[in-house]
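Q: sequence first, predicted model second:
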Amino acid sequence: MQPRYRNTLIALFVLFALAFSGLVALFHQRADVYAEGEARKLALNALLVHRATHAYVTTIQRPEIYRLKREKKLYEGYFAPEVMSFTYISRRIKELLNEQRRRHGLEPIYFKLASENPRNPVNQADAAESRLLRQMNQGALKEYQGVIEEGGQKWLYLAVPIERSNAGCMKCHGDPKDAPAELIAMYGDRAGFHESPNTIRALISIRVPMQEITRAGDQMANTLSLVTFLVLAGLYALITFLIRRIDSQQRQILAQNEDLERLSVTDALTGVFNRLGMTRRIRELTSGAARFGHPLSVLLLDLDLFKQVNDQHGHPAGDAVLRRFAEVVSLNLRASDIFGRWGGEEFLVVSPYLDLEGAKKMAEKLRTAVAETAFEPNIRITASIGVARYRHLEAAFEMLERADRALYRAKGQGRNCVVSEG
């Protein structure tokens, strides 16, 4: 895969991983908000039940008891907490409600009327409740809500004040002498009395267990996280597939372009460079020789009497001779030498870092190798070679013209020989 596509996939993977991590954190944060909201609903429901009970006792039940007293159906000093004490009634209703919750597999909701001066000890405020009650009486706090840990699990804790005391409240919470005799007989005259008017004497303390709600919220968050993972993974897989497909197509195009480029500079018959390819390399090598001053030589080779091969043996045989000739020359060149077909039966060798004397020795080696090679059955061939060296700052074609003149002289000297520039 191309580096740019690999880098793109890596960047996308990091981006998707960060997005997934962020979304998972967001889902769980929203799950916590959801759990707290659901717990608050349960707490408010308990509070509303309490207030409804209070309203029923004060507006319906107590007036009915007082009516019965006025009509002498109940004696004047009658007092029973089961029907007269709102606090007693409210606590008993919450106890019965929690029994029902347990029967249905639900955790109980902690509910308490917390007071610093309770008539019943079960309503004694703890240190935290006393602190909240004082803040409410000072007007610094209207309501408190928070998540607390107790007994190894989390609870939503809600504390709200009851209404401030009024004259009617003082009958049972003021001077014990004014309280019903049966109330005194039941609770005594030491606790729950001598409270100041217009004060908040108690707060409603509610604790809702959050374990089940939190578990439900976490399950929802985990489900959303799984769906998000599958979506992002599927999207990433799709993008990866598309990028790999594009990369594969581009690689094919690049390979085809390379093949076309190679074919454009390759002689189809012999597999060596063609004239275009050799021209490009000569320009590169002469430019380097001019810049750095290193020697450069060229060898122009021509197969002697090659037309007779075609005339006597046919063009297929002539093509086979050309292919074999290219193989023989290639096997006797250095790795740095450039070899190609210059045209027809002419071939060109460009030898960087080789001076004229070295080029003449190489040419003689090539001439001998060709003369000693059996090409086709009953076919022997020789080569004439012209050699020239690069002269500083001259054009490439000038060096080639000198090599061509040397080749012409080699032909005139009887062929199968090497002639260098004059």
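A: Cool, got the structure.
Q: for the rest of this, base every contact and every neighbour count on C-alpha atoms.
A: OK.
Q: quick one: mean pLDDT over the host helix or strand of residue 130.
A: Assigned by DSSP states H and E, residue 130 belongs to helix 127-137. Averaging pLDDT along helix 127-137 yields 91.
Q: how about that helix: buried residues?
A: By neighbour count on 16 or more other CA atoms under 10 Å, the buried set for helix 127-137 is 129, 130, 132, 133, 134, 136, 137.
Q: mind checking how far the fourth one is from residue 144?
A: Taking CA to CA, to the nearest Å as the measure, residue 133 and residue 144 are separated by 10 Å.
Q: and the next helix or strand past the one helix or strand residue 254 maps to?
A: Residue 254 is part of helix 211-264, with elements assigned from DSSP H and E. Per DSSP H and E, the first helix or strand lying C-terminal to helix 211-264 is helix 275-292.
Q: render the CA-only coordinates of that next one in CSV, please.
A: Taking C-alpha atoms only, helix 275-292 is exported to CSV below (Å, rounded to 0.1, in the frame of the first residue of the first chain):
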residue,chain,number,x,y,z
ARG,A,275,17.4,4.8,-29.6
LEU,A,276,15.1,6.9,-27.4
GLY,A,277,16.3,5.1,-24.3
MET,A,278,19.9,5.5,-25.2
THR,A,279,19.5,9.2,-26.1
ARG,A,280,18.0,9.9,-22.6
ARG,A,281,20.9,8.0,-20.9
ILE,A,282,23.6,9.7,-23.0
ARG,A,283,22.2,13.1,-22.0
GLU,A,284,22.3,12.1,-18.3
LEU,A,285,25.8,10.7,-18.5
THR,A,286,27.3,13.5,-20.5
SER,A,287,25.8,16.0,-18.1
GLY,A,288,27.4,14.2,-15.2
ALA,A,289,30.7,13.9,-17.0
ALA,A,290,30.7,17.7,-17.8
ARG,A,291,29.8,18.6,-14.2
PHE,A,292,32.2,16.2,-12.3
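Q: direction-wise, compare that helix with helix 211-264 and give the angle.
A: Comparing the axes of helix 275-292 and helix 211-264 via axes from the mean of the first three to the mean of the last three CA atoms, to 10 degrees yields an angle of 100 degrees.
Q: show me what helix 275-292 is packed against.
A: Judged by 3 or more CA pairs under 8 Å, 6 or more residues apart in numbering; DSSP states H and E, helix 275-292 is in contact with strand 296-303, strand 338-343, strand 346-352, helix 396-412.
Q: ok, which of the ones you listed comes nearest residue 45?
A: strand 338-343 (94.1 Å; CA to CA).
Q: can I see the domain layout of the protein?
A: Domain segmentation of the chain under automatic domain parsing yields 3-163+200-219, 275-420.
Q: just give me the neighbour total for residue 75.
A: By other CA atoms under 10 Å, the residues close to residue 75 number 12.
Q: for it, what are its contacts?
A: residue 69 (CA atoms under 8 Å, 6 or more residues apart in numbering).
Q: looking at this, it is in a helix?
A: No: according to DSSP: H, G, I helix; E, B strand; the rest coil, the state of residue 75 is coil, so it is not within a helix.
Q: any idea how far residue 187 is from it?
A: Distance from residue 75 to residue 187, by CA to CA: 20 Å.
Q: repeat that for residue 39.
A: Distance, residue 39 to residue 187, using CA to CA: 35 Å.
Q: what about these two, which has more around it?
A: residue 39 (25 against 12).
Q: run the chain-centre distance for stretch 254-268.
A: Offset of stretch 254-268 from its chain centre (CA atoms, centre = their mean, to the nearest Å): 41 Å.
Q: go on, stretch 131-140?
A: 51 Å.
Q: and if you look at stretch 67-82?
A: For stretch 67-82, the distance to the chain centre is 76 Å (CA atoms, centre = their mean).
Q: check which residues of that stretch are buried.
A: Across stretch 67-82, burial judged by 16+ other CA under 10 Å covers residue 79.
Q: for stretch 111-131, same thing?
A: Those would be 111-119, 123-125, 129-130, for stretch 111-131 by 16+ other CA under 10 Å.
Q: columns secondary structure on top of the residues you listed, output as CSV?
A: Output for these, formatted as CSV (three-state DSSP):
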residue, secondary structure
111, strand
112, strand
113, strand
114, strand
115, strand
116, coil
117, coil
118, coil
119, coil
123, helix
124, strand
125, coil
129, helix
130, helix
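Q: can I get stretch 150-157 in CSV? Just the C-alpha atoms.
A: Extracted in CSV, the C-alpha atoms of stretch 150-157 (Å, rounded to 0.1, in the frame of the first residue of the first chain):
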residue,chain,number,x,y,z
GLU,A,150,-23.2,4.1,52.2
GLY,A,151,-23.2,0.4,52.9
GLY,A,152,-21.0,-0.2,49.8
GLN,A,153,-23.5,1.3,47.3
LYS,A,154,-24.5,4.6,45.9
TRP,A,155,-27.6,6.5,47.0
LEU,A,156,-29.3,9.6,45.8
TYR,A,157,-29.8,11.7,48.9
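Q: please report how far residue 406 lies from residue 71.
A: Using CA to CA, residue 406 is found at 150 Å from residue 71.
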